[in-house]
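# The sequence and its predicted three-dimensional model are supplied below.
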Amino acid sequence: MKEMVINDLPVTVQLDTTTGEFLPCLEKVLRRVSDLSLMFSDQEAVKQIISMGDQLVYEIRYYPFITSKSDMALGTTAIPPGKVGDEYHMTKGHFHARDDQPEIYYCVRGEGFLQMESRDGDYHAVPWKAGTITHIPPQYAHRVINTGRTTLVFVASFHVAAGHEYELIEARGFKNIIIEHDGKAVEVPNPRRSI
Ligand code: PAN
Ligand code: ZN
């Protein structure tokens, strides 16, 4: 995240639940297929999509509320519908670097799944729709998958100091992957984990 300015006064933003945009916003990040190239199972599809213009997978907007005594942050993520091979658009997924840092995710639009997995393999895939709120405990990696026909939008609340650690997910993914099969979302074992 960018340089952070200390502000001890209250801050209020206005969210557009259709797009995930809120104002004022301090930072926007776009993630394309090339940014997630190691996360998708179908590496041929990844190469082809990158060569054809590298489609957008999601947009993140952040507001770190930095006071002289706290570092709560707001993030919204908007995942448009789409697939890479048979696998649906999804976030990269990460652990928090600090081992005492949870997070709250609140789905405000769309449908899909929130995958969570601890370092020793305790795995949960929670069906998600507008109105679903999940508390992600410390040391559970988290990833959201959009299996619907509209953009999926969710709101996240976390501490900036939590830190994002992507390496283990990049190396092994989650226990299962969620793919489209006969027009439906199905969970199947992650081929990378059965080696
Ligand atoms: C969220 C995520 C955001 C994007 O703000 O960072 O949804 O997902 P990736 O970071 O996995 O690309 C969050 O979980 N913050 O801790
Ligand atoms: Zn997180």
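Received, thanks. Numbers count the residues shown, from 1 in each chain. Ligands and ions are numbered 1, 2, ... in the order given.

# which helix in the protein runs the most residues?
helix 43-51 (DSSP state H).

# Quick one: distance of the helix or strand that that helix is followed by to the chain centre.
Counting by DSSP states H and E, the next helix or strand C-terminal to helix 43-51 is strand 56-66. How far strand 56-66 lies from its chain's middle: 10 Å, per CA atoms, centre = their mean, to the nearest Å.

# What pairs with strand 56-66, parallel or antiparallel?
Strand 56-66 has the following strand partners under DSSP bridges: strand 27-32 (antiparallel), strand 71-79 (antiparallel).

# what residues are up against the most centrally placed residue in the chain?
What sits nearest the mean C-alpha location of the chain, by CA atoms, centre = their mean, is residue 91, with 3.6 Å. Neighbour list for residue 91: 31, 58, 77, 79, 143-145 [criterion: CB atoms under 8 Å, 6 or more residues apart in numbering]. The C-beta positions use only the backbone N, C-alpha and C, and glycine is treated the same way.

# Residues of the chain that sit close to ligand 1?
Counting by CB under 6 Å from any ligand atom, the chain comes close to ligand 1 at 31, 60, 75, 77, 91-94, 103, 142, 156, 158, 162, 164.

# The same query, at a cut-off of 8 Å, please.
Counting by CB under 8 Å from any ligand atom, the residues of the chain close to ligand 1 are 29, 31, 36, 58, 60, 62, 73, 75, 77, 91-94, 96, 103, 105, 136, 142-144, 154, 156, 158, 162, 164, 166, 169.

# quick one: which of those residues sit in strands?
Mapping these onto strands (DSSP state E) picks out 29, 31, 58, 60, 62, 73, 75, 77, 96, 103, 105, 136, 142-144, 154, 156, 158, 164.

# Got a quick ChimeraX command for the buried subset of these?
The command below creates a ChimeraX selection of those among these that count as buried (16 or more other CB atoms under 10 Å):
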select :31,58,60,62,73,75,77,96,103,105,136,142,143,144,154,156,158
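
# quick one: pLDDT of the closest residue to residue 161 other than its chain neighbours?
Of all residues not flanking residue 161 in the chain, residue 71 sits nearest, at 5.4 Å (CB to CB, 6 or more residues apart in numbering). For residue 71, the model assigns a pLDDT of 97.
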